[in-house]
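Asker: turn this into a structure:
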Amino acid sequence: MNRRVVIRNMALAVTGLVLLPGCDLSSKEAAAQELQPYLSSDQEGLLAHVVDTIIPATDTPGAKDLNVHLFVQKMVADCYEKEAQLNLVKGLEALKVKSKKKHGKAFEACTTDQRIGLLQGMQQSDEASENEFYKLVKELTVRGYMNSEYVMMNLTDYQAVPGHYYGCVPVEQKILS
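Answerer: Coordinates of the predicted model:
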């Protein structure tokens, strides 16, 4: 073994050991941020009804039954900019207002056809924020539903480890001509 390689590896190991205690992985700020939801319980319930309207329950569970609304909320909180969080909140509020204005009742109390109409109205709206809201929620709903445990285990041909490895198999020798 080359002496320089050994010295370099030892220097890297010592540097890592010196820096490791300085890494505080249990930061109180991170825990505090996780405990502060950006959606109220009413907004979370509205989001649950929105995802259930996008993928309703049939002979299989719907998006609400599989808690896809929690997936959407978590993805927007962790993987998107603050603007997307604000857009989600504004979109839910706009949906609440449109439902009251158009049907005189909350989105949750509307019929399925009325809910679909309201969401299609947001999709075809002239306001960019409503289009972005609908696109974001629909995209994350489909992604969350298709990646849920129920769908992966019961509806798709999911294999945790594809194929099987046979370690001791006789191999025929082929003669190249």
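
Asker: determine the longest helix present in this protein.
Answerer: Determined from DSSP state H, the single longest helix within the chain is helix 82-103.

Asker: how far out from the middle of the chain is that one?
Answerer: Centroid separation for helix 82-103 versus its chain: 20 Å, with CA atoms, centre = their mean, to the nearest Å.

Asker: buried ones in it?
Answerer: Of all the residues in helix 82-103, those buried under the rule 16 or more other CB atoms under 10 Å are 84, 87-89, 91-92, 94-96, 98-99, 103. In short, each C-beta sits where N, CA and C put it, glycine included.

Asker: using CSV, write out every CA atom in the helix or strand following that helix.
Answerer: Sequence-wise, the next helix or strand downstream of helix 82-103 (DSSP states H and E) is helix 112-123. The C-alpha trace of helix 112-123 is given here as CSV (Å, rounded to 0.1, in the frame of the first residue of the first chain):
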residue,chain,number,x,y,z
THR,A,112,-69.7,15.8,-6.5
ASP,A,113,-70.7,17.5,-9.7
GLN,A,114,-70.6,21.0,-8.1
ARG,A,115,-67.1,20.2,-6.6
ILE,A,116,-65.9,19.1,-10.0
GLY,A,117,-67.3,22.2,-11.6
LEU,A,118,-65.6,24.5,-9.1
LEU,A,119,-62.2,22.7,-9.6
GLN,A,120,-62.6,22.9,-13.4
GLY,A,121,-63.4,26.6,-13.0
MET,A,122,-60.1,27.1,-11.2
GLN,A,123,-58.3,25.1,-13.8
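
Asker: and the helix or strand just after helix 112-123, what does it pack onto?
Answerer: Where DSSP H and E defines the elements, the next helix or strand beyond helix 112-123 is helix 128-146. Helices and strands touching helix 128-146, by 3 or more CB pairs under 8 Å, 6 or more residues apart in numbering; DSSP states H and E, are helix 41-54, helix 68-79, helix 82-103, helix 112-123.
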